[in-house]
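Student: Could you look at this predicted model? Sequence included:
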Amino acid sequence: MPQWLTQLFSYCLVGGLNTAVSVALMALGHALGWGYTAYTLLGYGVAMALSFVLNFVFTFKAKGHKARRMRLFFAVNLLNLAMVQALQYLLIDMSHLPHLPAIGMAMGAYTLAGFYLNRTYVFGPFNQTGKTA
């Protein structure tokens, strides 16, 4: 099996755990009457920290450059957060879909983008100048 496929499988397993944590926190926020921006930020923030550690250690088995990788990881996740917020606006406010299915659809959309960006730019090998190879 190609390495990228093994990594994608692991990335999805890590993502499944992160999703469970995130959705539980978002459902709690929704039940408490919070708006989707607030409950998404809570769920996403907690899951993001867990995701960095698990993907660094298990999925991509990255070595070194932890601070740089963390900065890049958070940049990728902020980009994904902006994307998921825009998708949720379209699905919840504009299309009037229920909150939890809309969240699930948005999460699916950014999974593939996140895998590509993380594999290529965050956890990929750095050359001697510190840039991704």
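Tutor: Nice, I can see it.

Student: quick one: least confident helix or strand in the chain?
Tutor: Ranked by mean pLDDT, DSSP states H and E, the weakest helix or strand in the chain is helix 99-117, scoring a mean of 87.

Student: which residues does residue 28 contact?
Tutor: Listed by CB atoms under 8 Å, 6 or more residues apart in numbering, the contact partners of residue 28 are residue 39. Where you see a C-beta, it was placed from the backbone N, CA and C, and this is true even at glycine.

Student: Likewise for residue 56?
Tutor: Residue 56 neighbours (CB under 8 Å, 6+ apart): 62, 66, 69, 123.

Student: Now the least confident helix or strand of the chain: buried residues?
Tutor: 99, 102-103, 106-107, 110-111, 114-115, 117 (16 or more other CB atoms under 10 Å).

Student: Now find how far off-centre it is within its chain.
Tutor: From the chain centre to the centre of helix 99-117 is a distance of 8 Å (CA atoms, centre = their mean, to the nearest Å).

Student: Residues in contact with it: which ones?
Tutor: 7-8, 11-12, 15, 19, 22-23, 26-27, 30, 36, 40, 76-77, 79-80, 83-84, 87-88, 91-92, 95, 97.

Student: Of the residues you listed, which belong to helices?
Tutor: 7-8, 11-12, 15, 19, 22-23, 26-27, 30, 36, 40, 76-77, 79-80, 83-84, 87-88 (DSSP state H).
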